[in-house]
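In: sharing a model that was predicted from the sequence below.
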Amino acid sequence: MSELDDVADDLYAGSPTDFVARRTAAVKAAKADKDRELADAIAELRKPTVSAWLVNLLVRDDPAMAGQIVALGEGLRDAERSLDGPALRELSTQRRQLVRSLVARARRLAQPAGQKIGDTVAQELDATLTAALADPAVAREVLSGRLTAAREYAGFGSADTGDAPPPPPTPKAPRPPKAAETPARGRLRLVGDSERAEPKETAADRERRRREEREQRARDEAQAAWEQADRAAAEARRRHAAAVEARDESAAEVARAEERAARAHEEEDDLVREHAEVRRRLAAAGKAATVADKDVAATQQTLRADDKDVATAERELHRAERARDAAEAVRDRT
């Protein structure tokens with residue numbers, strides 16, 4: 001493991017509240033060691049959001065978490081590829097149980113640091129863990145223990161693995177116009193019937209005037225910069241409110257989609273059971289039909305034997321009747 005890896009692991013293992021201060025100290029230490037490349041690399045390490053910090057805590061707290069996420073994620077993807085409805089439903093239930101248990105554990109882990117976990121952070125954590133179970137690329141990021149921002153999975157293709165985009169740069173405040181030139185003090189003016197020159201501007205006067213002009217420019221620039229920053233903050237608040245609203249709507253849509261999926265899986269299971277019952281009844285009916293066919297064949301054979309017996313009896317009856325008629329004729333002649 002490189003020295004940068006050691007520093008990164010130490011930074012991302014700590015609380016995000018003092019991340020910047022600890023990163024600054026690490027940069028200074030690298031510069032003191034004349035390692036400019038390491039210092040630059042440390043300076044580029046991004047401060048994690050609270051939800052990303054919680055993910056990093058979970059990874060460090062339970063080494064078995066990596067195996068659970070990898071195994072369950074592979075099982076879900078295999079079930080989706082094979083269209084195995086019952087298996088997919090069972091694994092989806094396991095996914096929800098695992099994510100809920102990890103969110104609850106993260107809340108407990110955050111308590112010693114005094115970090116409050118609100119609904120927004122909990123939803124980001126839930127979305128990140130769900131994305132890790134859906135996308136192997138997100139799983140690798142999550143299990144690295146150096147996550148810097150939440151992740152989401154849209155349901156098609158890979159999850160978004162890019163960090164949140166940085167805010168647009170604030171344009172520099174326009175330079176205010178130069179103060180009006182001070183009228184020259186050496187001009188002539190009429191006093192009564194004679195002319196006399198005003199006293200010339202001294203070096204101290206010029207220095208004082210320049211200082212006042214610089215101070216005025218500084219005040220104007222500071223005011224313009226504050227107004228620009230205030231507008232940028234208002235715009236950032238607006239974008240944040242819009243993002244929160246969109247995220248809340250997405251979370252609600254996820255809940256609705258999961259509910260629809262649960263109903264679809266239930267209907268699928270019912271149809272699978274009905275299909276199995278129909279197949280069982282079909283097999284039983286087939287066996288009964290085979291037995292009935294055998295019974296028909298046996299009774300047909302018996303009927304043919306009975307027909308032969310009837311024909312034989314009829315022939316004997318005819319012979320007996322003819323013998324009787326002949327005997328009766330002899331008797332009548334005598």
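Out: That came through, no problem. These figures come from a predicted structure and were not determined experimentally.
In: mind listing the helices for the stretch 201-334 of the chain?
Out: 203-333 (DSSP state H, counting those that start in this stretch).
In: please tell me how far residue 332 sits from residue 325.
Out: According to CB to CB, to the nearest Å, residue 332 and residue 325 sit 11 Å apart. C-beta: built from backbone N, CA, C; applies to glycine.
In: and residue 58, how many neighbours?
Out: Applying other CB atoms under 10 Å, we find 21 residues neighbouring residue 58.
In: next one: the one 4 residues further on
Out: Number of residues near residue 62 (other CB under 10 Å) recorded here: 14.
In: name the nearest residue to it, ignoring sequence neighbours.
Out: Using CB to CB, 6 or more residues apart in numbering and skipping residues adjacent in sequence, the residue nearest residue 62 is residue 105, 7.7 Å away.
In: any low-confidence regions in the stretch 151-300 of the chain?
Out: Across the stretch 151-300 of the chain, the ranges flagged by pLDDT under 70 are 154-200.
In: wait, is residue 117 part of a strand?
Out: No. Residue 117: not assigned to a strand; according to DSSP: H, G, I helix; E, B strand; the rest coil it is coil.
In: give the contact list for it.
Out: When the contact criterion is CB atoms under 8 Å, 6 or more residues apart in numbering, the partners of residue 117 are 50, 54, 106-107, 110.
In: model confidence score at it, please.
Out: Per-residue pLDDT puts residue 117 at 83.
In: now swap in the one 4 residues further on and tell me
Out: On pLDDT, residue 121 comes in at 89.
In: please report how far it lies from residue 219.
Out: Shown here: residue 121 relative to residue 219, a distance of 41 Å by CB to CB.
In: more neighbours, those two?
Out: Neighbours were tallied for residue 121 and for residue 219 using other CB under 10 Å; the higher tally belongs to residue 121 (22 against 11).
In: which outside residues touch the helix or strand hosting that one?
Out: In this structure, residue 121 sits in helix 119-134 according to DSSP states H and E. The set of residues external to helix 119-134 that reach it, using CB under 8 Å, 6+ apart, is 49-52, 54-55, 69, 72-73, 76-77, 95, 98-99, 102-103, 106-107, 138-139, 141-143, 147, 150-153, 155, 159, 244, 247, 251.
In: helix 203-333 and that helix, what's the angle between them?
Out: Orientation of helix 119-134 against helix 203-333 (axes from the mean of the first three to the mean of the last three CA atoms, to 10 degrees) gives an angle of 50 degrees.
In: run the chain-centre distance for helix 119-134.
Out: Taking CA atoms, centre = their mean, to the nearest Å, the mean C-alpha location of helix 119-134 is offset from the chain mean by 6 Å.
In: ditto for stretch 247-262
Out: Per CA atoms, centre = their mean, the centroid offset for stretch 247-262 relative to its chain is 12 Å.
In: for it, buried residues please.
Out: Buried residues in stretch 247-262, defined by neighbour count with 16 or more other CB atoms under 10 Å: 247, 251, 254.
In: need these in CSV (columns: distance to residue 227).
Out: As requested, these are exported to CSV (distance: CB to CB, whole Å):
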residue, distance to residue 227
247, 30
251, 36
254, 40
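In: and which of these is nearest to residue 64?
Out: The closest of these to residue 64 turns out to be residue 254 (CB to CB; 26.9 Å).
In: for residue 101, see how far away the closest one is.
Out: For residue 254 relative to residue 101 (CB to CB), the value is 19 Å.
In: likewise for residue 30?
Out: The spacing between residue 30 and residue 101, counted by CB to CB, is 39 Å.
In: of these two, who's got more company?
Out: Neighbours around residue 30 and residue 101, counted as other CB under 10 Å, are more numerous at residue 30. The numbers are 21 against 11.
In: my guess is the more buried one contacts residue 39. True?
Out: Yes. Between residue 30 and residue 39 there is a contact under CB atoms under 8 Å: 3.8 Å.
In: what about residue 123, how many residues nearby?
Out: There are 18 residues near residue 123, going by other CB under 10 Å.
In: should've said residue 127
Out: A count of neighbours around residue 127, defined by other CB under 10 Å, yields 21.
In: and what of residue 18?
Out: By other CB under 10 Å, neighbour count at residue 18 equals 11.
In: quick check, it in a helix?
Out: Yes. Secondary structure of residue 18 (three-state DSSP): part of a helix.
In: what's the pLDDT at it?
Out: Among the per-residue scores, residue 18 holds a pLDDT of 86.
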